[in-house]
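Trainee: got a predicted structure here, sequence first:
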Amino acid sequence: ELVPRLDRTTDELAHTLAALDGRFVPPGPSGSPTRGLVNVLPTGRNFYSVDPKAIPSRNAWDVGVALADSLLARHLADTGEYPRSVGLTVWGTSAMRTQGDDIAEVLALIGCRPTWDDRSRRVTGVEVVPLAELGRPRVDVTVRISGFFRDAFPHVVALLDDAVRQVAALAEPHEENFVRAHVAADVAEHGDERRATARIFGSKPGAYGAGLLPLIDARNWRSDADLAEVYAVWGGYAYGRGLDGREARADMERSFARIAVAVKNQDTREHDIVDSDDYFQYHGGMVAMVRHLTGDAPAAYVGDSAMPHDVRTRTLGEETRRVFRARVVNPRWIAAMRRHGYKGAFELAATVDYLFGYDATAGVVDDWMYEQLAAAYVFDPTTREFLSESNPWALRGITERLLEAADRGLWAEPDPATLERLRETYLTSEGDLEDRA
């Protein structure tokens with residue numbers, strides 16, 4: 001079945017020409033082929049996404065349970081105890097690729113499971129898993145959703161909200177039900193049960209993103225307080241039944257202050273955590289927010305479900321080092337970028353920016369990594385010549401970002417000779433750009 005579908009890759013060109021000619025393009029489902037979704041092949045179709053009401057699917061439920069179990073097992077191994085509260089970043093694109101791994105993990109952590117209609121495979125609700133069957137405490141979960149997820153899956157937001165409220169209402173000991181314990185504490189403080197059960201936060205209705213990229217790009221920040229302020233202003237809106245984006249910064253901060261573990265799941269090998277600014281904005285921003293509120297950084301983990309049969313959890317530091325060695329300073333990847341001219345140079349500069357952003361928010365880049373970035377991107381003669389000819393702005397940007405990391409103390413103990421070479425490169429690059437102007 002697979003090989004004939006792969007042989008039809010020529011459909012992409014034929015159907016693109018048909019679309020440009022105003023002719024019919026056959027429809028087909030979307031998804032990630034690397035997740036075993038053979039039905040998305042052949043490509044080149046007018047794709048539709050998922051049935052929103054079938055999220056999480058039965059397969060996604062199995063993966064979500066594995067993600068929850070892996071996360072808790074890793075935290076137990078690292079600390080000897082279960083986390084009382086987990087913060088999880090949830091994106092709409094991930095939900096479409098996986099059909100709801102992240103949603104399933106939230107339900108599994110708080111001790112619920114979906115119910116499905118056997119004929120349509122649609123989710124009809126949730127049911128509570130008894131404590132005796134669960135075999136552990138119910139872990140509280142705070143979710144930071146993307147704007148796209150909010151728009152595409154409002155009923156899933158309602159489903160999660162229903163699950164949290166069901167768990168909070170259970171007559172169980174607080175030490176076995178952390179959701180109930182936290183809700184009771186908040187109700188005792190302000191007396192509003194609806195506010196106390198809010199666990200889903202996102203951008204203001206009609207707004208998108210976490211707001212940190214412009215701040216990092218403008219270099220207009222000094223400390224965690226600045227990062228946390230922007231993260232809270234952009235993400236301090238509560239979602240759920242009857243909430244619909246209500247301003248709730250105080251409730252968000254109260255919930256975030258309890259987060260012991262900040263998680264972002266990675267479901268595909270097609271990109272990684274320094275392939276996009278969204279990773280450090282959402283995940284790194286959550287770490288910075290908790291660190292500002294509590295004075296201590298939460299444990300930061302990345303769940304890896306790219307191979308659903310082999311789910312695992314790594315620390316953010318472990319994942320950063322893995323990606324750094326496998327791609328960022330991999331000579332084969334750098335050589336591949338050189339084949340793409342101006343855009344390839346841009347990708348090199350963007351990778352440095354995203355690494356810097358993650359370090360600024362979550363502190364995950366070691367000094368040796370900055371040294372290797374300088375060696376591979378700035379000092380390597382071949383790459384330096386490529387950047388100078390194809391995109392001198394990228395060379396200046398890379399050099400400027402590395403110098404900023406040293407100025408801010410993120411690059412704690414740079415080699416003085418390395419800094420001097422970077423300064424010389426920056427001045428030379430500035431001069432070249434002025435000559436071009």
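Mentor: Yep, that arrived.

Trainee: name the residues that touch the one helix or strand residue 69 maps to?
Mentor: Using DSSP states H and E, the element containing residue 69 is helix 58-79. Around helix 58-79, the neighbours that count as contacts under C-beta atoms under 8 Å, 6 or more residues apart in numbering are 56, 81-83, 86, 98-109, 113-114, 116, 121, 136, 139, 260-261, 263, 265, 299, 301, 303, 305, 308, 311-313. For glycine as for every other residue, the C-beta is placed from the backbone atoms N, C-alpha and C.

Trainee: so where do the helices sit in the stretch 301-437 of the chain?
Mentor: Along the stretch 301-437 of the chain, counting by DSSP state H, counting those that start in this stretch, helices occupy 316-323, 331-338, 341-362, 367-373, 381-390, 392-407, 416-436.

Trainee: how about low-confidence regions in this structure?
Mentor: Residues of the chain meeting the criterion pLDDT under 70: 35-36, 437.

Trainee: that older thread, out of the helices of the stretch 301-437 of the chain, which is closest to residue 286?
Mentor: With C-beta to C-beta as the measure, helix 341-362 is the member of the helices of the stretch 301-437 of the chain nearest residue 286 (8.4 Å).

Trainee: can I get that closest one in CSV? Just the C-alpha atoms.
Mentor: Below are the C-alpha coordinates for helix 341-362, written out as CSV (Å, rounded to 0.1, in the frame of the first residue of the first chain):
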residue,chain,number,x,y,z
GLY,A,341,21.8,31.0,-0.6
TYR,A,342,20.1,34.0,1.1
LYS,A,343,17.4,31.9,2.7
GLY,A,344,19.9,29.3,4.0
ALA,A,345,21.9,32.1,5.6
PHE,A,346,18.7,33.4,7.2
GLU,A,347,18.1,30.0,8.7
LEU,A,348,21.5,30.0,10.3
ALA,A,349,20.9,33.4,11.8
ALA,A,350,17.4,32.4,12.9
THR,A,351,18.7,29.3,14.6
VAL,A,352,21.1,31.4,16.7
ASP,A,353,18.2,33.7,17.6
TYR,A,354,16.0,30.9,18.8
LEU,A,355,18.8,29.3,20.8
PHE,A,356,19.4,32.7,22.4
GLY,A,357,15.7,33.1,23.1
TYR,A,358,15.5,29.7,24.9
ASP,A,359,18.6,30.6,26.9
ALA,A,360,17.2,34.0,27.9
THR,A,361,13.9,32.4,29.1
ALA,A,362,15.0,28.9,30.3
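
Trainee: and the angle for that helix with helix 392-407?
Mentor: 20 degrees (axes from the mean of the first three to the mean of the last three C-alpha atoms, to 10 degrees).

Trainee: in contact with residue 315, which residues are there?
Mentor: 299, 300, 301, 302 are the contacts of residue 315 under C-beta under 8 Å, 6+ apart.

Trainee: which two in those are spaced the farthest apart?
Mentor: Greatest spacing in the contacts of residue 315, by C-beta to C-beta: 299 and 302 (11.2 Å).
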